[in-house]
Structure formats: C-alpha cells, structure tokens
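Peer 1: Give the three-dimensional model of this entry:
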Amino acid sequence: MEEQNGRITIDYVAHEADMARMERIIRRLWIALLVVIALCVVSNGVWIWRESQFEDVVTTETVTQESDAKGGGTAIVNNGGDLNYGESSADSNKNN
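Peer 2: You can find the predicted model right below:
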C-alpha cells in the first residue's frame, strides 16, 4: 500500500485477489440460493403428495328420535343430563 495525495492506494494484484475472492463468495451464495429454492419446491411437492394419499370421505347421517313430550314440545337435554320435555316439563322440574 502506498499513500498518494492523502489517499491510500492498493496494488492491482491485491485488488484482483479480492475481486476473485468476492466472485467465489457470490458464486457460493447463488448455489446456496438455488439449493434452498429446490428444497422448498421438493418439500412442497412431498406435502402435496402426502395430502393426496388421503381421501376426503364425507358421510351424512340423520338421526331421528321420537319425543314423549306433551303437546308436541321439543325434548332438550340440559347440562346436568336431565331431560326436559318443553315448557310444561320445565315447570315441573323447577318444583323438584
């Protein structure tokens, strides 16, 4: 290194060596980037293949239950497990 007019200058050989080193680093970074992109594509492909192995089976089951409610009321099971048959049964459960 030499100093000319208050500036430090470096030799051309040192500059070329530094540029060659930076080119190698940039090439490695591009390779790493391409590998990461390829791994992401492969990972997504594997997940899509895995999810396609399962069939979505949709079944519809209808359950009909007859109610013993007086007056055609609706039978309701509350949190305590008691069975209420509409409004008239709710009134009788309050008395118990």
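
Peer 1: From residue 14, how far out is residue 20?
Peer 2: Distance from residue 20 to residue 14, counting by CB to CB, to the nearest Å: 11 Å. C-beta here means a position set from N, CA and C on the backbone, and glycine is covered the same way.

Peer 1: From the structure, what's the count of residues near residue 26?
Peer 2: When neighbours are defined as other CB atoms under 10 Å, residue 26 has 10 of them.

Peer 1: meant to ask about residue 46, not that
Peer 2: 10.

Peer 1: same question, residue 9
Peer 2: Counted with other CB under 10 Å, residue 9 comes out at 12.

Peer 1: now the helices for this structure?
Peer 2: 12-52, 86-95 (DSSP state H).

Peer 1: So this protein: which segments form each domain?
Peer 2: The chain breaks down by automatic domain parsing into domains covering 2-56, 64-96.

Peer 1: Low-confidence stretches in the chain?
Peer 2: 1-2, 65-81, 83-96 (pLDDT under 70).

Peer 1: Now do residue 28 against residue 49, distance only.
Peer 2: Taken as CB to CB, the span from residue 28 to residue 49 is 31 Å.

Peer 1: same check, this time on residue 63
Peer 2: Distance from residue 63 to residue 49, counting by CB to CB: 37 Å.

Peer 1: between these two, who's got more neighbours?
Peer 2: Comparing residue 63 with residue 49 by neighbour count (other CB under 10 Å), the higher total belongs to residue 49, at 9 against 4.

Peer 1: quick one: contacts for residue 32?
Peer 2: By CB atoms under 8 Å, 6 or more residues apart in numbering, the contact list for residue 32 is empty.
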